[in-house]
Every structure is written in structure tokens, then in C-alpha cells.
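In: Sequence first, then the predicted structure:
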2 protein chains.
Amino acid sequence: MSLADPVLVEVVRGDAVECVHRGAAVVCDADGRVVFSLGDIDRSIYPRSAIKTLQALPLIESGAADRYGFGNKEVALACSSHGGEPRHVETSAGMLAKAGLDEAALECGAHWPSGAAATHALARSGGKPSALHNNCSGKHAGFLCLACAEDIDPKGYVGIGHRVQRFVAEAVGEVTGHRLDRDTAIGTDGCSIPTYAVPLAKLAHGFARLATGHGVGPERAKAFGRLRAACAAEPFMVAGSGRFCTDVMLLLGGRAFVKTGAEGVFCAALPEQGLGIALKCADGASRASEVMMAALIAKLLPMDEAEAAKFRRFVRPTMKNWNGITVGEIRPTFS
Amino acid sequence: MSLADPVLVEVVRGDAVECVHRGAAVVCDADGRVVFSLGDIDRSIYPRSAIKTLQALPLIESGAADRYGFGNKEVALACSSHGGEPRHVETSAGMLAKAGLDEAALECGAHWPSGAAATHALARSGGKPSALHNNCSGKHAGFLCLACAEDIDPKGYVGIGHRVQRFVAEAVGEVTGHRLDRDTAIGTDGCSIPTYAVPLAKLAHGFARLATGHGVGPERAKAFGRLRAACAAEPFMVAGSGRFCTDVMLLLGGRAFVKTGAEGVFCAALPEQGLGIALKCADGASRASEVMMAALIAKLLPMDEAEAAKFRRFVRPTMKNWNGITVGEIRPTFS
């Protein structure tokens, strides 16, 4: 991190560039070949919530999702960083109920919905946030269902030594080709589970595998397909109203699976191109990681004129002030 | 902005540095001598809300603040980016009432309070945000009072050609020594007034003048003293509950005037040292501009052990997750 990453995004206000965002980004195919890169792509980063789809593999592969009758809605929510909107909260609660549990079993902590409208509505109703409103509650409900289906005591399921987290780390290590070793940096995520550092290029390789099912066994390839299909069918469940991940997948359907992570991480799988993308904004800003991801998708995914016009708001979002006046824009420095 | 600023702040999670923040910072004395600097300090930046104290000069110097009987509370609020808490909203409304106006005269736009607790309370009461909740409403109330006292039609007071904005630009130009010219970049601020780019070192020089009253006439020196005294007496009015500006001034009293601005700007005046500080986090992150400012204050302001211990939470803030577990810290790279 001590070398200067290239500037990948500029924030323009009036006559001047007001801020810059540096970062690194890499596109890989399913053989791990680097197709395109910017900055230092061998560095390890914490993938945070960008890999929730990979973390959901044990839920699918163990048969737990089938046992509890999970459809697209539940599977997509297990991969989500949701806005705490009513449908998210109800679906999390429903997943837990299938395993005979309720929100008391969640170990992610409570916070106000990340969606502003959901926060205002909750406060207006006199309510308080619970662990179900935590943006990770779908992932945690998936962890708990995995534990119950496998007859593992769910208590302490967020702990690094718990069997649920060992299953998850194993799956992530296999898909990215980066098994945990003594050099792997480990941190604690916002929702209390461990996050393991992975080299950026290996992360992109893992997402190319998610995109294609190549380089993994048939069971895993099937699980990848199910995870992608669920998110394509229920993009609202992956994030929420007005959110980048949801809106991009609403527009592009199954042609792009995209998932954000805290601190400027973004990953994507492009099935038709057989490519995976991983990027990190060095300063952790979501506004910049979103523009980086949008610019890469615009570069890699063929779009007709009408689609490209609709997609432009993700690549060069306009900034408006409190009076709705356009004051600037956020734009990529590469194309 | 194309040259790489140095990394001034690191965000650490577990075993690794997860994010870095670059920037530039400069400390000047009242003669404009650079006492300390990091990065490119000759670049021009939009100072945004960090110069509200300078923008409030015409309100004081015109006699408008006296005419309407403004005390420390109102003067501090005119310099504020407040959290939209009840005392802020009431004080803004009271300032307007003194000039025979109400919130309908405000041209800053409405937004939910920036303070989360204030937002929850407002929603819980069934209320909606008005322009009084806008973090700039105190500054705008000051603009409106200036117009009324000077018998200027307040309508359109946010416009670049309006006399109120010309008074403000004149004062800022005099204090920083950077008069508007054809090379000055201009943008529109969140609250719709113009923001003029100023070289970082000149901004620090202006704040050294604010700190000392040196290099300006006696009337302006008196106005500087009144503005500093008001903010030292009413630090809550400058920002709000749990906010960096308020908490630092609560701890240090009149020994440090600090004011944040959007997009990673921070300015400060240290009267006892006769110094001004201006800094810009290149990516616009407040978490980093706060740590940069705290590290500079810790470097420049003599503190006894007890005070330094209390101040440490600003220099190296701990990051906790939703379960209250410590997951990392934000720390300066310089001391």
C-alpha cells in the first residue's frame, strides 16, 4: 500500500477536480489469466462483504438451502448487504424460522437500516433496530441454517474456530486458490466474522470461476449457477432500493453479478464473457469503487446504444446539491 | 492533483492496513511563513464549510449581529455545520425571527439532520426535515440578517452576483490574500452558495490571522476575537453531539478553533501559538481529515499528560464493530 496507486476516479465540482480516488483493479478469465489490470493487483486485500456469494457456498453445497426450502429470495439474501427494508427483514426472519430459530440467534449486532427511508419509517413507527436490520443478517441467517442442518451447535458461529467459519474459509480458499496460511492477514468484519486477506488477482480469478463454473467440480459449478441465478432473479434482495448492486443487476439481469464490500472493495462475475473482476479503492470510498466497477463493466460488456445510455449514470454519476442543482460529477479516468 | 500526495493516515484492521488516505497540510504563522508542511501546499482547493468563520465576517463587521442582539450562541451557529439538533434548529429560527423572517427565506435546501439521533427523533415525532435542519442554516440565517440590516433585498442571496456573496467573497479574499481572479476555480456548494478555490497555504495564512488578528485592521481583529470567543463559548453550536469540532473545542477551549469542511477539508486557528492550519484529504474522507487535524494539533499545542491522554482518541480513534468489538484503528503516519 506504500506505492501510489493510480488515480482511477475524479470528483469534479464546478471548474475543478475536487477529490481523487486511487485504486487497483483486475479482470481475469477462468484460467486465472489477467485480461486487464490497473495498479498493484498482487497486493492482498480484505474482501469484506464482496465475497458473500462465496461464503454462501457451504449453505448450498451442504444441502441446507434445499432442506429448508430456500428459493431465489432466500439465497439472494444470503449473498446480500441489504438496506434493512421490510422485505429484507421479513426474509431474514423467515430463514431463521425455517431452522426453528429467531433473531436472538444472530451474532452480527444491531444497527439502524442502511437505507435512509427504512430508517425513517422504523423510527416513525416507534421501532428500534434489531440484528435483523443489520445489513449482514441474511448471510448470518444462512450461517445459522447451515449449522442447524449439519447438527452443529450454532452458538459462537461467528468465531474463527467455529466449524461454520471453517467451512466458509475452506470454500473461499478453494475458489480463489488462496488457502489460509501463516502469511494471511486476518481481521474482524463489521458483523464479527473473520475476514481473510486475498490477493486481488486471485479474487478476480475466483469470480471468473463463479462466472463460468470452470476449474471447479460439478457440484460447485451447479452451486455457482444457483447463486448467480438467485441474485439475477432477486436483485432487490442483494442490496435494496436505489442501491448500486441492485440497480445494475436490474438493468443487466444475469449478464453481470456485482457485489460491493466495505472499504472500497467490489467484485463481479460476467458469465457471457467468462470473466471475473476484483477492485479496491485505496481509501475505501464506495462512490469511487462503484464508478470503477461501472467503468469496467462498460468496457467489457457489449451494450447497445439504449442500454449504454441507461448505464451512463453508473459510470459518470451526477452530483446534485440539496436544492437539486447539478454541482458536479464523479468520473473514471480510464475507459 | 496528478502528483501523488503522501499517505498521511492509515486505517488498520486486524493484521493489515486496510485503507490509506493521502493529503496535504500546512501550518503558517500570521506573516504567512510556512512553519510545517506535508504534500503540495500551493494547490488550490475549495475550502467549503471550513471557512464559515471567515464568511461570517460581514455579519459582524456590518454591525448586523449587534443590531439583532446576537450573542455567542448565534455567532457560533453562523460559523457552524450543525447536526440539526433541536437547539441548532431553534437558534436558526430565532436568528431569522430577529430580522422579521422565517425558514421560508432560507435558500439552502432541506435535508434530514446530519446527527443520527436528531434524525431518529424527528422521524419518531412524525416530522419532516426543513431548511432549518440543513447543516448550513445558521450560516444562511447570518447571510439573511446581513441583507436585512443592510437593507438589501435578500431574495437570491445565494447567487454569485448577489451583494451578500460579494461581501463574503471580498472578506475571504482579504483574509487569505487570495482575491478572486480569472484563474480562480469556482464551484457551487451543497447549500447553493459559490465556493472559490484558494491555495492551501493562503488558507492557513488566513487562519493564522484569525488566530492572532495580526495583519488586519483593528475592526477585523476585533471581529476575529469575537468569532473565536463565540465558538469557544458555544462549541455545541459549531457542530453538535459527538462531533469532532465540538468535542475538540470542548476539551481545548479557546486554545484551538477547529472547523471542518466537506470533502476532507479542515482548518484551525491556534491563538496561543499564533498559527493557522489548513489541510485537505485528497479523497475527501472526513475520518482522515479529522485524524490529520488532530495529529497536527497534538504536535503544535503543548498538553499535559492528562490532556494528551484525553486527546488521544482524536489522534488514533478506535474502530468498533456492531457488537462493540475493537476491530482496528485510524492512525496518522506522521507525528
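Out: Everything's here; your move. Everything numeric here is computed off the predicted structure, so don't read it as measured data. Numbers count the residues shown, from 1 in each chain, chains lettered A, B, ... in the order given.

In: in the stretch 201-335 of chain A, what residue is nearest chain B?
Out: Nearest to chain B, among the residues of the stretch 201-335 of chain A, is residue A:322, at 2.8 Å (CB to the nearest CB). Bear in mind the C-beta positions are built from the backbone N, C-alpha and C, glycine included.

In: thought that residue was touching residue B:110?
Out: Yes. Residue A:322 is in contact with residue B:110 according to CB atoms under 8 Å; the separation is 6.6 Å.

In: Which one's more surrounded, the two?
Out: Taking neighbours as other CB atoms under 10 Å in any protein chain shown, residue A:322 and residue B:110 compare with residue A:322 leading, 20 against 17.

In: If we ignore the residues flanking it in sequence, what's nearest the more buried one?
Out: Sequence neighbours aside, residue B:109 is the residue nearest to residue A:322 in space, at 2.8 Å (criterion: CB to CB, 6 or more residues apart in numbering or on different chains).

In: what pLDDT does the one you found get?
Out: According to the prediction, residue B:109 has pLDDT 97.

In: check contacts around it.
Out: A:321, A:322, A:323, A:324, B:131, B:134, B:191, B:192 (CB atoms under 8 Å, 6 or more residues apart in numbering or on different chains).

In: Quick check: it vs residue A:323, distance?
Out: 4 Å (CB to CB, to the nearest Å).

In: which residues are common contacts for those two?
Out: residue B:192.

In: Tell me where the model's unsure across the stretch 101-250 of chain A.
Out: Along the stretch 101-250 of chain A, no part satisfies pLDDT under 70.

In: what ranges do the strands span in the stretch 51-200 of chain A?
Out: A:186-188, A:194-196, A:198-199 (DSSP state E, counting those that start in this stretch).

In: unless I'm mixing things up, residue A:201 is touching residue A:278, no?
Out: Yes. Using CB under 8 Å, residue A:201 is in contact with residue A:278, at 7.5 Å.

In: Those two: which is more packed in?
Out: residue A:278 (32 against 25).

In: Alongside chain B, which residues does the stretch 51-200 of chain A contribute?
Out: Within the stretch 51-200 of chain A, the positions near chain B by CB under 8 Å from any CB of the partner chain are A:107-112, A:116, A:119-121, A:123-124, A:126, A:134, A:185-192, A:195, A:197.

In: ok, now with 7 Å
Out: A:108-111, A:120, A:123-124, A:126, A:134, A:185-188, A:190-192, A:197 (CB under 7 Å from any CB of the partner chain).

In: which among those end up buried?
Out: A:108-111, A:120, A:123, A:134, A:185-188, A:190-192, A:197 (16 or more other CB atoms under 10 Å in any protein chain shown).

In: which residues does residue A:293 contact?
Out: A:258, A:266, A:268, A:277, A:279 (CB atoms under 7 Å, 6 or more residues apart in numbering or on different chains).

In: mind listing the helices for the stretch 151-300 of chain A?
Out: Assigned by DSSP state H, counting those that start in this stretch, the stretch 151-300 of chain A shows helices spanning A:163-176, A:200-212, A:218-233, A:235-238, A:244-252, A:286-300.

In: Packed most tightly, which of these would that be?
Out: Mean neighbours per residue, mean count of other CB atoms under 10 Å in any protein chain shown, is largest over the helices of the stretch 151-300 of chain A for helix A:200-212, with a mean of 28.

In: relative to strand B:16-29, how tilted is the strand ranked longest in chain A?
Out: Scanning chain A for the longest strand, with DSSP state E as the assignment, gives strand A:16-29. Angle, strand A:16-29 to strand B:16-29, by axes from the mean of the first three to the mean of the last three CA atoms, to 10 degrees: 160 degrees.

In: who does strand A:16-29 touch, helix- and strand-wise?
Out: With contacts taken as 3 or more CB pairs under 7 Å, 6 or more residues apart in numbering or on different chains; DSSP states H and E, strand A:16-29 sits against strand A:7-13, strand A:34-38, helix A:200-212, strand A:275-281, helix A:286-300.

In: nearest to residue B:25, of those?
Out: Residue B:25 sits nearest to strand A:7-13 of all the helices and strands packed on strand A:16-29, at 19.6 Å, using CB to CB.

In: now that closest one and helix A:286-300, what's the angle there?
Out: Per the same axes, to 10 degrees, the angle that strand A:7-13 makes with helix A:286-300 is 120 degrees.

In: mind checking how far stretch A:206-216 is from the chain centre?
Out: In terms of CA atoms, centre = their mean, to the nearest Å, the centre of stretch A:206-216 is found 16 Å from the chain centre.

In: Ok, stretch A:185-201 next?
Out: 13 Å.

In: Export it to CSV, keeping only CA atoms.
Out: Coordinates of each C-alpha in stretch A:185-201 appear next as CSV, following Å, rounded to 0.1, in the frame of the first residue of the first chain:
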residue,chain,number,x,y,z
ALA,A,185,-3.7,-11.3,7.3
ILE,A,186,-6.9,-11.7,9.3
GLY,A,187,-9.2,-9.0,10.5
THR,A,188,-12.7,-8.9,12.2
ASP,A,189,-15.5,-7.8,10.0
GLY,A,190,-18.3,-5.4,10.9
CYS,A,191,-20.6,-8.3,11.7
SER,A,192,-17.9,-10.1,13.8
ILE,A,193,-16.9,-12.9,11.4
PRO,A,194,-13.3,-13.2,10.3
THR,A,195,-12.2,-11.6,7.1
TYR,A,196,-9.1,-13.1,5.4
ALA,A,197,-6.8,-11.1,3.1
VAL,A,198,-6.7,-12.4,-0.5
PRO,A,199,-4.5,-11.1,-3.4
LEU,A,200,-6.7,-9.0,-5.7
ALA,A,201,-5.9,-11.1,-8.8
